[in-house]
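> Quick one, fold the following:
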Amino acid sequence: MLNSVDAGRRLMLRAAVYPLAAVAVLALVLLLLAGPKYALGALASGIAVSAGGWVAARMALGGGVQAAGSAMSRLILAVVAKWALVFGVLAVGFVVFKLPALALLAGIAVGLMFQVLALARR
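Model prediction:
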């Protein structure tokens, strides 16, 4: 039987791997249909969602047992860190590398959708 620490680690791993697989499929489809810039845009933003989710989970769940105020502070900081990473990659991809906005947004949407599905699965 798994203890709660092992179960939490497996959940964090699943929440990072499922979106990566889905974004890789999206990037491959976009590579075949639209070209390499679209594939790179979807891949970059999808990886940012997955990495941001992993970082947020490590921040929020890595502190052990704490008081409610401390736990809530860690959770809020984790969510802010995740979205700062996602918006940072989105801005750099769009402004610096001139990647297509539709591909960047598609990578974020697919990454988030599969992250939620991975967390909802038992």
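
> Could I get the average pLDDT for the top helix by length along the chain?
Looking across the chain with DSSP state H, the single longest helix is helix 4-33. Along helix 4-33, the predicted local confidence has a mean pLDDT of 87.

> next one: stretch 77-88
Mean pLDDT, stretch 77-88: 95.

> who touches that stretch?
With CB atoms under 8 Å, 6 or more residues apart in numbering as the contact definition, stretch 77-88 has outside contacts at Ser45, Ala48, Val49, Ala51, Gly52, Gly53, Val55, Ala56, Ala57, Met59, Ala60, Ile108. C-betas here are computed from N, CA, C, even on glycine.

> Kindly recompute the last result at 6 Å.
Ala48, Val49, Gly52, Val55, Ala56, Met59, Ala60 (CB atoms under 6 Å, 6 or more residues apart in numbering).

> helix or strand right after whichever strand or helix holds Trp83?
Using DSSP states H and E, the secondary-structure element containing Trp83 is helix 68-91. Per DSSP H and E, the first helix or strand lying C-terminal to helix 68-91 is helix 101-120.
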